[in-house]
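1. my questions are about this predicted structure, shown below with the sequence.
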Amino acid sequence: HSANTVPTWFLETLGVWVSSLNGCSYCVEHHYAGLTRLVADQTRCLLLRQAMENRDVNSAPLDDKQKSAMRYAEVLTLTPSTVTETFIQHMREAGWEDGEILEINQICAYFSYANRTVLGLGCSTDGDVLGLSPADTEDETDWHHS
């Protein structure tokens, strides 16, 4: 959404993380390619991907605030019924505003939905052009798929 305040690259990171947790290689590959383009730092992206594949948020090249969001995303994705006010409070203490927590929640919920749609239809990346989301544009607010 154009009113989001969480940086696009980090929302993409969360999308790749959620997709990885859900075992949705289709979304991982598409959105990792987009993330790589947004971050423009191959080494950092490889370290991010390695941390995600190893399920090791602590080793990710992210600050503590971002790592708190990654942990929240993991719990929300794998065991949503265990999310309590304590998780939200930890995110606030890490520096997230309530509106940003909502953005993070919505991106995680959206990717879980999209992962289940893709997995349920048996989609594959065969013949696809990877990295079209978010759009290949200089406008970070343009989230349209090409």
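-> All right, it came through fine.
2. ok, now how distant is Ser124 from Cys45?
-> According to Cβ to Cβ, to the nearest Å, Ser124 stands 23 Å off from Cys45. For every residue, glycine as well, the C-beta is placed using N, CA and C.
3. between those two, who's got more neighbours?
-> A count of neighbours by other Cβ atoms under 10 Å puts Cys45 above the other of Ser124 and Cys45, at 21 against 11.
4. lowest-pLDDT helix or strand in the chain?
-> Every helix and strand in the chain was compared by mean pLDDT, DSSP states H and E; the lowest is helix 25-39, with a mean of 93.
5. tell me the helix or strand right after it.
-> Reading on from helix 25-39 to the C-terminus, the next helix or strand found by DSSP states H and E is helix 42-53.
6. and that following helix, how far from the chain's centre?
-> Here the centre of helix 42-53 is set off from its chain's centre by 13 Å, with Cα atoms, centre = their mean, to the nearest Å.
7. tell me the mean pLDDT for it?
-> Helix 42-53 shows an average pLDDT of 97 in the prediction.
8. so which bits of it are buried?
-> Residues 44-45, 48-49, 51-52 are the ones in helix 42-53 that count as buried (16 or more other Cβ atoms under 10 Å).
9. remind me which residues of the protein are low pLDDT?
-> Across the chain, the ranges flagged by pLDDT under 70 are 1, 127-146.
10. burial count for Asp64?
-> 8.
11. surely it touches Ala94?
-> Yes. Using Cβ atoms under 8 Å, Asp64 is in contact with Ala94, at 6.1 Å.
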